[in-house]
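Trainee: here is a sequence together with a model predicted from it:
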Amino acid sequence: MPNQDQLTTVVTAFEHWRSNRSGRQVTTPIALREQAVALLNHYSSSKITSALKISGGQLKQWRNTLEPAEKAPLFVHLPISPPPLLTQPPFTVELRFAQGNEMSLSGVIDTNIIISLIGAMKS
């Protein structure tokens, strides 16, 4: 499908939805959001926002929500530290981040390693 046809199709879909929604406060359906974000591969954000009659902030928010965040590095560099003292009590740490990532550690672990891991998960 040529690019102009893509834009026209999405504009038509938005117009149809607007004419049939039950009120102005109704959330834009995910399918329409996905179509709008997909147009970024072919058009500038200003062209899309103008044609779809949405704000630049909406399009940016939809893009950030729908597209996966930057891939986290596959390898996390941790500080080299001496083995923890066996006199330290073992513990369990479970972290759940807003993006859905989870981390669980248990045993006798150096606190510097935990701090580094938390920093890597947050970035």
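Mentor: That came in fine, so what should we check first?

Trainee: name the surrounding residues that touch the longest helix along the chain.
Mentor: Of all the segments of type helix in the chain, defined by DSSP state H, the longest one is helix 3-20. Here helix 3-20 makes contact (CB atoms under 8 Å, 6 or more residues apart in numbering) with 1, 28-29, 32, 35-36, 38-39, 42-43, 47-48, 51-54. Where C-beta positions appear, they are placed from N, C-alpha and C, glycine not excepted.

Trainee: for it, what is the average pLDDT?
Mentor: Mean per-residue pLDDT for helix 3-20: 90.

Trainee: and the angle from the following helix or strand past it to helix 3-20?
Mentor: The helix or strand immediately downstream of helix 3-20 is helix 30-38, counting by DSSP states H and E. Here helix 30-38 points in a direction 150 degrees away from that of helix 3-20 (axes from the mean of the first three to the mean of the last three CA atoms, to 10 degrees).

Trainee: for helix 30-38, buried residues please.
Mentor: Neighbour counts over helix 30-38 (16 or more other CB atoms under 10 Å) mark Leu32, Arg33, Gln35, Ala36, Val37 as buried.

Trainee: just how off-centre is the least confident helix or strand in the chain by mean pLDDT within its chain?
Mentor: Sorting the helices and strands of the chain by mean pLDDT, DSSP states H and E puts helix 111-122 at the bottom, at a mean of 74. A distance of 21 Å separates the centroid of the chain from that of helix 111-122, by CA atoms, centre = their mean, to the nearest Å.
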